[in-house]
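Q: sharing a sequence plus its predicted fold:
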Amino acid sequence: MKILVLNGSPHANGPTSDMVKAFAEGASEAGHEVVSINVAYKSIKGCAACEYCHNQGNGVCAQKDDMQAIYPEILSSDMIVFASPIYYFTLSAQLQAVIHRTYAVDIPKNVKKTALILSSGSQFVYGPAIAQYYQSIVEYWGVENAGIFTANGDQNKSEAKRRELYRFGKSLRTEEVL
Ligand SMILES: Cc1cc2nc3c(=O)[nH]c(=O)nc-3n(C[C@H](O)[C@H](O)[C@H](O)COP(=O)(O)O)c2cc1C
């Protein structure tokens with residue numbers, strides 16, 4: 001299946017990206033096509049709430065920024081993995097902007113499952129991010145949650161965490177959603 005990873009960390013070699021790489025390695029080895037986009041390096045504005053997408057636009061966003069190249073990836077993927085550092089108990093603003101901008105396409109019909117990868121400094125800080133993920137993605141999109149992975153403190157960039165994410169990627173069956 002085609003798997004899109006939306007990474008909201010501005011650190012290319014930080015713990016979030018480390019988990020993303022391990023996941024992508026496992027998933028690729030299992031035969032999946034993995035497209036990983038670091039949205040923190042893109043220029044993506046917040047939703048302008050202009051409603052162009054729902055009125056004249058027919059699902060096309062009026063804002064012409066880097067999100068235009070991400071829409072086709074979202075619409076053509078079978079699975080989307082959301083990866084983010086925890087900022088003030090929730091997802092990074094960079095990833096949040098991408099989620100808000102899916103307002104234009106509403107529910108991406110091809111996506112059947114999603115997963116969440118989070119890194120933080122402290123433990124017990126994931127509540128708001130996980131609640132949002134469940135309500136606005138898993139329940140609203142009507143998809144299967146394939147897994148939630150967190151790393152904090154010494155778990156960040158640990159071999160054990162890399163192995164966990166690698167194994168998760170590798171465990172995804174190619175025939176599952178075909
Ligand atoms: C703006 C900002 C807000 C943060 N807020 C939290 C927080 O609420 N709870 C926490 O445990 N860590 C917080 N952190 C720490 C990061 O979540 C942590 O360093 C994480 O491992 C960063 O991952 P990355 O380097 O892969 O982006 C914050 C960091 C920044 C820069």
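A: In hand now; what should we look at?

Q: let's verify the residue of the chain positioned farthest from its centre: helix, strand, or coil?
A: Note on the chain: the largest C-alpha distance from the chain mean falls to residue 56, namely 28.4 Å (C-alpha atoms, centre = their mean). Following DSSP: H, G, I helix; E, B strand; the rest coil, we place residue 56 in the coil state.

Q: spit out the contact partners of residue 45.
A: Applying C-beta atoms under 8 Å, 6 or more residues apart in numbering, we find residue 45 in contact with 63, 65, 67, 97. Placement of C-beta: from N, CA and C, glycine included.

Q: cool, and residue 73?
A: Contacts of residue 73 by C-beta under 8 Å, 6+ apart are 4, 35, 37.

Q: what about it, distance to the ligand?
A: Residue 73 sits 21 Å away from the ligand, going by C-beta to the nearest ligand atom, to the nearest Å.

Q: ditto for residue 60
A: Residue 60 is 31 Å from the ligand, where distance means C-beta to the nearest ligand atom.

Q: in ChimeraX, select just the buried ones from the contacts of residue 45.
A: To isolate the buried subset of the contacts of residue 45 in ChimeraX, counting by 16 or more other C-beta atoms under 10 Å, use the following:
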select :63,67,97
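
Q: closest one of the contacts of residue 45 to the ligand?
A: Of all these, the ligand sits closest to residue 97, with 14.9 Å by C-beta to the nearest ligand atom.

Q: close to the ligand: what parts of this protein are there?
A: 9, 11, 14-17, 85-89, 119-122, 125, 156 (C-beta under 6 Å from any ligand atom).

Q: the same query, at a cut-off of 5 Å, please.
A: Proximity of the chain to the ligand (C-beta under 5 Å from any ligand atom) is limited to residues 9, 11, 14-16, 85-89, 119-122, 125.

Q: any idea which of those has the most stuff around it?
A: Among the residues of the chain next to the ligand, the one with the most neighbours (other C-beta atoms under 10 Å) is residue 16, at 29 neighbours.
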